[in-house]
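S.K.: 3D model of this:
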Amino acid sequence: MSDDRSDEDQIMDLWYSNWEQQCIATIESEPDYESQLHNEKEIYSQQIWTGFQTTASAIAQLYKDRTQGASLWLPFQTAAGTVTSLYKNSLDGMRRCNELGVDIGRQKRSKEIMNWARKKRRNIRREDLLAYLAGKPPPPPRPHAHRSSPKPRMMVCGSPPSQSPAASMVVTPTPEPVDQDSELHTFREAIALTGSPMSRRTGRQSELSAFISSEFARHHKRPASHDVDMGSPTHKRSRFM
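M.R.: Down below sits the predicted model:
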């Protein structure tokens, strides 16, 4: 963005202090996060495609061994490991791309504010800065009124009829908890046990086991459910009785 500045702006840079020049140099020397994001997206896209092919092959092999009457435990371990690897790599790629996207937005805004501050020279009004950050035009000048504005009239509106206590208290039934951990216990056991071809080939068995355990723990954290609407008049009345 600094290449688009006029010669007058570059001459005005000579009036900046050394500390201001250091700040400008720090902003302009930041890495190109936009190029990094493009490269990371290409890398993770290829990794996810490779992981999908590996997972599809493991599932197909599991089906073949089932039709041939062979032992299914080792193929199941391999399929479970490849599915977990695909999920983990997808999360890592999404997290990394999100971080780079935040860095791109921060870097772009910093350079825009820096170039805007250069053009504003010394004095920057607060409303101009807020308008620039909000993407709005500067506010019009305030008129100098010599008389006070008329006071607004107060409107008195009748309150709506209160509802009956029975209708205002909302009771929701608590759903039966579903123990997904027990349903997927065999899947986790296949990843945790030693001796699978997947673990011997990649050496990521302990990493995948710890990863999937943390994911189960993270997704099983549920907020406390409120069965009764605490804002109902009936419930509020019972607290003071």
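S.K.: rest of the way, CA atoms for contacts and neighbours
M.R.: Will do.
S.K.: now do the helix or strand in which residue 56 is found: which elements does it pack against?
M.R.: In the assignment (DSSP states H and E), residue 56 maps to helix 33-67. Using 3 or more Cα pairs under 8 Å, 6 or more residues apart in numbering; DSSP states H and E as the contact test, the elements touching helix 33-67 are helix 73-120.
S.K.: what's the angle from the helix it packs on to helix 33-67?
M.R.: Between the axes of helix 73-120 and helix 33-67, defined by axes from the mean of the first three to the mean of the last three Cα atoms, to 10 degrees, the angle is 170 degrees.
S.K.: continuing past helix 73-120, what's the next helix or strand?
M.R.: Next element after helix 73-120 (DSSP H and E): helix 126-134.
S.K.: show residues contacting that following helix.
M.R.: 137, 138, 139 (Cα atoms under 8 Å, 6 or more residues apart in numbering).
S.K.: can you do 6 Å?
M.R.: Helix 126-134 is contacted by residues residue 138 when judged by Cα atoms under 6 Å, 6 or more residues apart in numbering.
S.K.: now it and helix 73-120, what's the angle there?
M.R.: Using the same axes, to 10 degrees: helix 126-134 against helix 73-120 is 150 degrees.
S.K.: helix 126-134: which residues count as buried?
M.R.: By neighbour count on 16 or more other Cα atoms under 10 Å, the buried set for helix 126-134 is empty.
S.K.: can you show me the CA trace of that helix as PDB?
M.R.: The C-alpha coordinates for helix 126-134 follow below in PDB (Å, rounded to 0.1, in the frame of the first residue of the first chain):
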ATOM      1  CA  ARG A 126     -11.900  11.600  17.600                       C
ATOM      2  CA  GLU A 127     -15.100  11.600  15.500                       C
ATOM      3  CA  ASP A 128     -12.900  11.300  12.300                       C
ATOM      4  CA  LEU A 129     -11.100   8.300  13.700                       C
ATOM      5  CA  LEU A 130     -14.300   6.500  14.800                       C
ATOM      6  CA  ALA A 131     -16.000   7.300  11.500                       C
ATOM      7  CA  TYR A 132     -13.000   5.800   9.700                       C
ATOM      8  CA  LEU A 133     -13.000   2.600  11.800                       C
ATOM      9  CA  ALA A 134     -16.700   2.200  11.200                       C
END
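S.K.: what's the mean pLDDT across it?
M.R.: The pLDDT scores in helix 126-134 average 80.
S.K.: buried residues in the helix holding residue 56?
M.R.: Quick answer for helix 33-67 (16+ other Cα under 10 Å): 33-34, 37, 40-41, 44, 47-48, 51-52, 54-55, 58-59, 61-62.
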